[in-house]
Each structure stands twice: as structure tokens, then as C-alpha cells.
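Colleague: attaching a predicted model along with its sequence, questions to come.
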Amino acid sequence: MNSIVRHGVALMLAGTLFGSVLAETDTARVHEFALDNGMKLIVKQDHRAPVAVSQVWYKVGSSYEHDGITGVSHVLEHMMFKGTERHGPGEFSRIIAENGGRENAFTSRDYTAYFQTLENDRLPIAFELEADRMRNLRLDAAEFAKEAQVVMEERRLRTEDSPQALTYERFNATAFLSSPYRTPIIGWMADLEALQIEDLQQWYERWYAPNNAVLVVAGDVAPDAVFELAQRHFGKLPAAKLEPTKARREIEQRGVRRLMVRAPAEVPYLVMGYKVPVLLTAEQDWEPYALEVLAGVLDGGDSARLTRDLVRGQQIAAAAGAGYGLYGRQQSLLLLDATPATGQDVATLEKALRAQVAMLQETPVSAAELERVKAQVLADHVYQEDSVFYQAMRIGMLETVGLGWQRQDEYLPRIQAVTAEQVQAVARKYLVDDQLTLAVLEPQPMDEAAKSRARAAAMGEGHGH
């Protein structure tokens, strides 16, 4: 899968922290509790190592924002490490590190999450610190001024100096007109420049409350003991009066949308996206699973169609990928992207990708291809279940998008049940021009400074909290 398709799918899910496969779990090891202030606690036991993962998920992200304050969720995430009345700037991270732990955070379209991994007997430390900053964050003007500059520099490095990322951002804003998924998680630069500390204060007071949060703990823990610990640290925090956001659904598309992005770059780039449903929005509950398999048929290793046919076979593409994520609050995109091989152009590449779509619509995928995709899902399942962190991630993400953690049990059997006819049906229904947006990067000359910035952007330098 090409880097920007991976990036786009990750944004649909959870930044760049995990892929699209959610695996089956043993529900007997998952325990759910509710605190009196409305906070939900979910505990999953895994006793293979004396480790505990603690994650606090807030039901707020960039899709909750409105024009003028885009990026506020991400900037607030940075400020959550800048101290409370009890703990000064940077002290949260220092205390976790001194106790042998690791911690970080991320902002996505639908949620913002903060997490720690520690020895299981250090769990009270994580709870004390998270409970403190849930309602007692100190937003200092000087710290805000510094951190806003950090985020703007992050935007310059990771988006504006990366021609493919810049193309993807403009593509996404063209594909969606009224959906809140159109705005970048990091925010538009003009909004970041105009952001005020009062905007963060209002955002924090509105959304950072126990009744808008899910606490997930996974690892070598006893559920009842974790509940008692959560009651002690989080139970006394006051609930907020939550006012749900108004629905902002995407309006119907009426024809192909095309976009040209001119930017300093060494090679052209093409990204295509078809509007498709997710589990929360699908007319038929099997459709997202069929779309997941369809993406796997196109892109899932060297034997997948895009690599086999376009890269190795016809040698039209230097790289080609596909991606889809079936978990989110809003209608999503099935993405295709590619860079042309030497001597080839974007028009030829588009024609080849469209031919791949037409084959899916005209001819059912083979039994062998279905088995390959399903075997890959099983392999991903085994790999992800080996990580306590990703077990907690699955639970938190499913809860915060509104599906419920129990839905993770459905993934493997529903994928295994997908038929070739269902893959063909979703290709015919959704991979059509009236759902399609295309963006082309037209390379402009690069001086040495631009090349240096592009290399730094590709390496992801300067990315912090």
C-alpha cells in the first residue's frame, strides 16, 4: 500500500497507530463498569506478562470541529502535557518515564486518546495523573504560544513540504463537501495561526469530562481492583453537561470530481477515492466486510492485483495501493493511489486503475484470491492479539465511534463469510463515477532546499506529542 493511502486509512481509524484489521477476542476476559459520573471503564485481562496498558479515550476529534477552529483538538492534545496546578509542564511524561513506563497521545477524526504502558503495579500512577489533567488542566499563555508554533511547524513539515501528503489533504477536502471529515486533523494553517487560548479552554471544558470518556485497561490486572482504583481517582470528578453536535452528513455527489495540485515534487502522483459506507452507515451490514475483502484483493502483498498487474506485470506503476477502513462515525472512502513508472504518465495510470475496478465489477474474484485475503486476516489477528496495547486500542476505538467493544467478535467470522458475489456487488454499487474523486500531483521544479524539506517530511522528522 502506498504511503498516502496508508496515511488516509489511518486517519479514518486512529492516526497512524494501527491498521484496518480488528480481530476477534475472548469476551469472557473483558469486563465493563460504569462510574456514577458517567465514565465507562472496560478491562481486558491478559496475564502473559506483568504489564498494564491504560488508555483514556475522549469522544472528540477533528470531525467535531467547525470552520475557524480546525486543529483545536490536536493542539489541545499537545497542551495536555503542559501541566496542571499540581504538576508542572512536562512533569506527566517525566513521572511516567521515572516509573519505567511509556506514554503518548494521538488525535483522530472521531476521538483523542492518551495512553501509558507500565508494570501492572504502577497503574495507580497513570490513573492519578490522567484524572488530574481530565478536569484540572492549566492552559498557560506562554506554553500555548510555544506549542502552537510546534504544531504549525509539524504541519509545514508533514504536509506542506510533503507533496503527496499535500495532494491527499486537498483531495480529501474535495471528496467531502459537507462532511466534517473534509478538514485535516492537524487543522488548516490559517486557523492554527488565528487560534486563541480561549478556543482551547472552551474545547477542553466542553469535551474533557468523565461522561465523555472511556477508560480502557488491558493486561495483567484484576478487573474489580481496577474498578476500585478508577473509582478512587476518577469517580470524584464532576460530569459535564454534554450537548451533542448537529449531524453534518455528506451531501449526494453528482459526478466525478477532479483536482490538480501543483507542487515542488520529483514524481507525479495519483489518488482516487470512492465514497463508501462504514459499519455505522451501511444499508446492508455485510457491505463493509465485502469492501474490506475487496481492498485486500487489490492490495495485500506481492500476490495482490495492483502489485501483480500494474507494478510487476505491465510495469505501469512504480508503486500502487488500496485501502479502506470500516470503522468510523461517517461515510468514508475506498482509496486507490499510485505513482507512475519511469516513462509512464498519470493518464495511463488512471486508465489501468479503472480497468482493475471494472474487472472487479465484471468478474467474481477467484476462490484462491478469497482464501488469500482471509488467510491474511487470520495472520493479522494472531499478530495483533499478541500485543496488549492493540487489544486495548481495538476496544477504545470501537467504543468511541459508537459501535461498542463487543463488535470486535464479529470481524473474523464476518470476513470469513464474505462471498465473491458480495465483493462484486459492492464494486458495482459503490465504485462508480458518481462516487469518485481524483487528484493528480503535477510536479514542479525542486531546488535543493525543497528537496531537503521533502526528504525530512518523508522521514517524519519533528513529530512529537
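Modeller: Ah, there it is.
Colleague: OK, contacts around the closest residue to V418 other than its chain neighbours?
Modeller: Residue nearest to V418 in three dimensions, not counting chain neighbours: V293, with 4.6 Å by Cβ to Cβ, 6 or more residues apart in numbering. The way it works is simple: take the backbone N, C-alpha and C, and place the C-beta from them, glycine included. Residues near V293 by Cβ atoms under 8 Å, 6 or more residues apart in numbering: L370, V373, K374, I415, V418, Q422, V423.
Colleague: quick one: furthest residue from the center of the chain?
Modeller: G343 (34.7 Å; Cα atoms, centre = their mean).
Colleague: on that earlier part again, now, of the contacts of V293, which are buried?
Modeller: Applying 16 or more other Cβ atoms under 10 Å to the contacts of V293, the neighbour count classes L370, V373, K374, I415, V418, Q422, V423 as buried.
Colleague: secondary structure added to these, as a markdown table?
Modeller: Shown next, in a markdown table, are the buried ones among the contacts of V293 (DSSP: H, G, I helix; E, B strand; the rest coil):
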| residue | secondary structure |
| --- | --- |
| L370 | helix |
| V373 | helix |
| K374 | helix |
| I415 | helix |
| V418 | coil |
| Q422 | helix |
| V423 | helix |
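Colleague: redo those as TSV? Include pLDDT.
Modeller: Formatted as TSV, those follow (pLDDT from 0 to 100):
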residue	pLDDT
L370	95
V373	92
K374	90
I415	94
V418	96
Q422	98
V423	98
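Colleague: can you redo those residues as CSV with distance to R29?
Modeller: Listed next are the buried ones among the contacts of V293 as CSV, based on distance: Cβ to Cβ, whole Å:
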residue, distance to R29
L370, 31
V373, 28
K374, 25
I415, 22
V418, 27
Q422, 32
V423, 33
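Colleague: out of the residues you listed, the closest to G83 would be?
Modeller: I415 (44.9 Å; Cβ to Cβ).
Colleague: circling back to that earlier point, in what helix or strand does the residue nearest to V418 lie?
Modeller: Here V293, judged by DSSP states H and E, is contained in helix 287-298.
Colleague: repeat that for F144.
Modeller: Per DSSP H and E, F144 falls inside helix 141-155.
Colleague: can you name the next helix or strand after that helix?
Modeller: Per DSSP H and E, the helix or strand that comes after helix 141-155 is helix 163-175.
Colleague: put the alpha carbons of that following helix into CSV.
Modeller: Presented in CSV, the C-alpha positions along helix 163-175 are these (Å, rounded to 0.1, in the frame of the first residue of the first chain):
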residue,chain,number,x,y,z
PRO,A,163,3.9,16.8,-2.0
GLN,A,164,1.9,13.5,-1.7
ALA,A,165,0.6,14.5,1.7
LEU,A,166,-0.4,17.9,0.4
THR,A,167,-2.2,16.3,-2.5
TYR,A,168,-4.0,13.9,-0.3
GLU,A,169,-5.2,16.7,2.0
ARG,A,170,-6.5,18.7,-0.9
PHE,A,171,-8.1,15.6,-2.4
ASN,A,172,-9.9,14.8,0.9
ALA,A,173,-11.3,18.4,1.1
THR,A,174,-12.6,18.0,-2.4
ALA,A,175,-14.1,14.5,-2.0
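Colleague: give me the angle between it and helix 141-155.
Modeller: 100 degrees (axes from the mean of the first three to the mean of the last three Cα atoms, to 10 degrees).
Colleague: going forward can the numbers begin at 258, since that is how I track them
Modeller: In the new count, where the first residue is 258, that last one comes out as helix 420-432.
Colleague: contacts for helix 420-432, please.
Modeller: Outside helix 420-432, the residues touching it (Cβ under 8 Å, 6+ apart) are 260-261, 264-265, 415-417, 438-441, 514, 516, 518, 520-522, 526, 528, 530, 532, 590, 594, 694-698, 700, 711, 714.
Colleague: what sits against A684?
Modeller: By Cβ under 8 Å, 6+ apart, the contact list for A684 reads L551, V614, L617, Q618.
Colleague: just the buried members of those?
Modeller: Buried among these by 16+ other Cβ under 10 Å: L551, V614, L617.
Colleague: the last one: what's its closest spatial neighbour, skipping adjacent residues?
Modeller: Among residues not flanking L617 along the chain, A684 sits closest, at 4.0 Å (Cβ to Cβ, 6+ apart).
Colleague: so that neighbour, which state does it fall into?
Modeller: Three-state call for A684 (three-state DSSP): helix.
Colleague: low-confidence stretches in the stretch 458-607 of the chain?
Modeller: Nowhere does the stretch 458-607 of the chain drop to pLDDT under 70.
Colleague: can you show me the strands along it?
Modeller: 470-476, 514-521, 526-533, 574-580, 589-597 (DSSP state E, counting those that start in this stretch).
Colleague: on contacts alone, who are the packing partners of the last one?
Modeller: When contacts are defined as 3 or more Cβ pairs under 8 Å, 6 or more residues apart in numbering; DSSP states H and E, strand 589-597 sits against helix 260-270, helix 420-432, strand 526-533, helix 544-555, strand 574-580, helix 603-619.
Colleague: quick one: strands adjacent to the fifth one?
Modeller: Under the criterion DSSP bridges, strand 574-580 sits next to strand 589-597 (antiparallel) in its sheet.
Colleague: how near is the residue farthest from the centre of the chain to Q701?
Modeller: Remark: distance between G600 and Q701 (Cβ to Cβ, to the nearest Å) = 20 Å.
Colleague: looks to me like S311 is in a strand.
Modeller: Yes - assessed with three-state DSSP, S311 lies in a strand.
Colleague: thought F372 was touching it, still the case?
Modeller: Yes - taking Cβ atoms under 8 Å as the definition, S311 is a contact partner of F372 at 6.7 Å.
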